[in-house]
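J.: Sequence and predicted structure are below.
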Amino acid sequence: MTRPLTFGRRLRGAVATILGGSARDLSRLLGRGSGGMIGGRVALAVDPSVLATLAHDKQAVIVSGTNGKSTTTKMVRAALGTAGTVASNTLGDNMPPGVATALMNEPRAPFAALEVDEMYVPQVAAEVRPAVLVLLNLSRDQLDRVGEIGAVERRLRQGVEENPQAHIVANCDDPLIVSAAWNAPHVTWVAAGSSWGADSTTFPRTGGQVTRTEDGWFVDEQIRRPDPDWWVDQDSRLHGPGVELPLKLSLPGQVNLHNAAQAIAAAVELGVPAAQAAEAVGQVRDVAGRYQEFDVDGRGVRLLLAKNPAGWQEALAMVDPTVNQVVIATNGQIPDGVDLSWLWDVRFEELPQPERLFASGDRAADLAVRLGYAGLEAKLVPDPLSAIRQCQPGPVEVVANYTAFRDLLPQLKQIDRAGRAQ
């Protein structure tokens, strides 16, 4: 939403942007990273209201939720990119500094597709004033940082209530998301799935018990699953207001069909034709290394990310059952959450026993014990790359949590580049 900017605010914003851009560029030059955080930190230190200045005159989409933020944001960026330049933080820098850097990177873009950490949605939305707010799902994640799931729902609800100008695109299959969006004046409901129900046994607004049925869920006569405006059928056809078209993705898994449905619904709200948006979304092939394939001395490694019980369940469902070599890597560092008791909530029993299964990461022993109780025999190899090298030539599926993924990805990229250069 356009708001007038005084000369003083424009000047402070310009200085902040120059200094933040210099910090970003210096970080890249020194090889310290992408600059996605440091540039924004400097800009916000110079001008705490720089987000509002940078987002002025932009039609912004904010994407938030526990799982699928980066993927859905990249899909939104692809769809909006058919209508104009898009500022976006598609590398996952989803706190205010990362959002500021993304906006600085494309100062003249008419659109913005912004991934935002759930706990920062009210703060970022108050400055950016989004045209569309996409709410994906909620489940417990990093309890040591964000607290129980009810606190997260209240933050999203606050973001909705304080931004009546925003059109809400919300997952009607998740009672927690429905609670957050319940009183929104402008809402589009998308049947985006909720295979993980362990964290939504009650409806936060009333405390009433959620009862699940074959075709949805309900609390009482007044509170029940809203009828979806958009959904994907069993034949991967997308349905929406006046829309029925095939949805063909380059990314695997049912969950990504649901992410795509919400991304397309958001783009349509900003005037992009559904077919045009769907075609662009279908071209998204990887997201910051996720789903990407690498060659490691004849081993075709595909890398999947899983960060919490719900995300693990989705990632395990994407493991190709025809691949007989699987590496699972789990760390317990601060960004992961040091308490890994949630491993016992993941249904590893649904993973077929491959010929070669490796438990890896700095918490490999905890993982191996859990896999053993699931009836899966895993070899303990703490270093994920060493585990991959112990596989035979051929396809290898790797599922890693946050820091294990973060540390392994540059190693795989380097080996893959070296192999292609020979």
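T.: Received the coordinates, thanks.
J.: lowest average confidence, helix or strand, in the chain?
T.: For the chain, counting by mean pLDDT, DSSP states H and E, helix 143-146 ranks last in confidence among helices and strands (a mean of 50).
J.: In the stretch 201-350 of the chain, what residue spans correspond to helices?
T.: Counting by DSSP state H, counting those that start in this stretch, the stretch 201-350 of the chain has helices at residues 254-269, 274-281, 309-318.
J.: Report the buried residues of the shortest one.
T.: It stands for helix 274-281. With burial defined by 16 or more other CB atoms under 10 Å, the residues of helix 274-281 counted as buried are 274, 277-281. No exception for glycine: its C-beta is placed from N, CA and C like everyone else's.
J.: Kindly report the same for the last one.
T.: For helix 309-318, a neighbour-count test (16+ other CB under 10 Å) marks 309-316, 318 as buried.
J.: Looking at the helix or strand that the least confident helix or strand of the chain is followed by now, give me its mean pLDDT.
T.: Proceeding N to C from helix 143-146, the next assigned helix or strand is helix 149-161, under DSSP states H and E. Averaged across helix 149-161, pLDDT comes to 93.
J.: How far off centre is whatever helix or strand comes next after helix 149-161?
T.: Reading on from helix 149-161 to the C-terminus, the next helix or strand found by DSSP H and E is strand 167-171. Strand 167-171 has its C-alpha centroid displaced from the chain centroid by 16 Å (CA atoms, centre = their mean, to the nearest Å).
J.: what sits up against strand 167-171?
T.: Here strand 167-171 makes contact (CB atoms under 8 Å, 6 or more residues apart in numbering) with 65, 131-137, 160, 177-178, 180-181, 184, 186-194, 258, 262, 265-266, 269.
J.: Same check on stretch 266-274?
T.: For stretch 266-274, the external contacting residues (CB under 8 Å, 6+ apart) are 59, 61, 63, 76, 79-80, 82-83, 111, 131-132, 134, 167, 169, 188, 238, 240, 243, 245, 264, 277.
J.: For the buried ones among those residues, write the corresponding ChimeraX selection.
T.: Selecting only the buried entries of the contacts of stretch 266-274 in ChimeraX, with 16+ other CB under 10 Å as the criterion:
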select :59,61,63,76,79,80,83,111,131,132,134,167,169,188,238,240,243,264,277
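J.: Please list the members of the contacts of stretch 266-274 that lie in strands.
T.: 59, 61, 63, 111, 132, 134, 167, 169, 188, 238, 240, 243, 245 (DSSP state E).
J.: thought the third one was touching residue 75?
T.: No. Applying CB atoms under 8 Å, one finds residue 63 not in contact with residue 75, separated by 9.0 Å.
J.: what separates the spatially most central residue of the chain from residue 59, distance-wise?
T.: Closest to where the C-alpha atoms of the chain average out (CA atoms, centre = their mean) is residue 69, at 2.1 Å. Separation of residue 69 from residue 59 (CB to CB, to the nearest Å): 19 Å.
J.: go on, residue 171?
T.: Taking CB to CB, one finds residue 171 at 22 Å from residue 59.
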